[in-house]
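A.B. asks: For reference, the sequence and a predicted model appear below.
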Amino acid sequence: MNRSHRLAIAHIALKYNLLENGIFSFITNLGNKDEITSQFVKIYPNENIEKVVNDIVNLVPYELDTQALSPEDKQSFQTIGITKKSWYEDSYIHITSESSFDESLDPFFSEKTWRPIIMMQPFIYLGEPRSLAKLRSYGFKTFDGIIDESYDSIEDPGERHTAAMEQLKVLCSMDQEEVLAKAKPILDHNYDLM
């Protein structure tokens, strides 16, 4: 949660009431409001920052599977070993929030990238620019043709995040069965390649 794109996901989840129909987890300590504001403004500088920050502070922690952990354990909680199949079976779009988004790094793929591939789920990818292009260079397929993945080439982090979230809205407005039917050959290919 201490990264700009993750704060922005929380904002979008709140703004569009995605928490009701989605599966989200926001558990990490946010730090102080000045730190949150300085991170959030990188992505959405024109929003009502004070309201957004207050909404996010009031939301966190928003937990799926860490309620029984002590506060100390929550701060060191790693998602690397956690994948609950039922969460993927109960949803059909994955928001992949990679470790870096606006740090001008070469795209890096952690376990976050591989989860929706292994679980055969379409995804919106929030990583460094050209992350999807790099993934395709390894032989994986992505979902251009179902959605507009041109967001992947946008350098500006705020514009890239906004464009990716627009595609999330497109996916959410489409018929789930239609999306999955179009995505099945891609999902099968990626799973087999993985």
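C.D. replies: Looks like it arrived, so ask away.
A.B. asks: Please enumerate the helices of this structure.
C.D. replies: Per DSSP state H, the chain carries helices over the ranges 4-15, 33-40, 49-59, 71-75, 85-89, 111-118, 131-137, 157-173, 176-193.
A.B. asks: Quick check: the residue lying closest to residue 193 once chain neighbours are set aside vs residue 52, distance?
C.D. replies: With sequence-adjacent residues excluded and distances taken as C-beta to C-beta, 6 or more residues apart in numbering, residue 193 is closest to residue 139, at 5.5 Å. In this view, the C-beta of every residue, glycine as well, is placed from N, C-alpha and C. Applying C-beta to C-beta, to the nearest Å, the value for residue 139 to residue 52 is 39 Å.
A.B. asks: swap in residue 102?
C.D. replies: Residue 102 is 17 Å from residue 52, by C-beta to C-beta.
A.B. asks: now residue 36
C.D. replies: From residue 36 to residue 52 the distance is 9 Å (C-beta to C-beta).
A.B. asks: show me the contacts for residue 56.
C.D. replies: For residue 56, the contacting residues are 7, 10-11, 14, 26, 30, 36, 40, by C-beta atoms under 8 Å, 6 or more residues apart in numbering.
A.B. asks: Same list (these) but as a markdown table, adding distance to residue 180 and neighbour count.
C.D. replies: Shown next, in a markdown table, are the contacts of residue 56 (distance: C-beta to C-beta, whole Å; neighbours: other C-beta atoms under 10 Å):
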| residue | distance to residue 180 | neighbour count |
| --- | --- | --- |
| 7 | 30 | 25 |
| 10 | 27 | 23 |
| 11 | 28 | 22 |
| 14 | 27 | 17 |
| 26 | 27 | 19 |
| 30 | 35 | 19 |
| 36 | 36 | 22 |
| 40 | 33 | 22 |
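A.B. asks: quick revisit: what's the most buried one of the helices of the chain?
C.D. replies: Mean neighbour count (mean count of other C-beta atoms under 10 Å) peaks for helix 4-15 among the helices of the chain, with a mean of 21.
A.B. asks: how about the nearest residue to residue 187, chain neighbours excluded?
C.D. replies: Nearest residue to residue 187, sequence neighbours excluded (C-beta to C-beta, 6+ apart): residue 120, at 4.3 Å.
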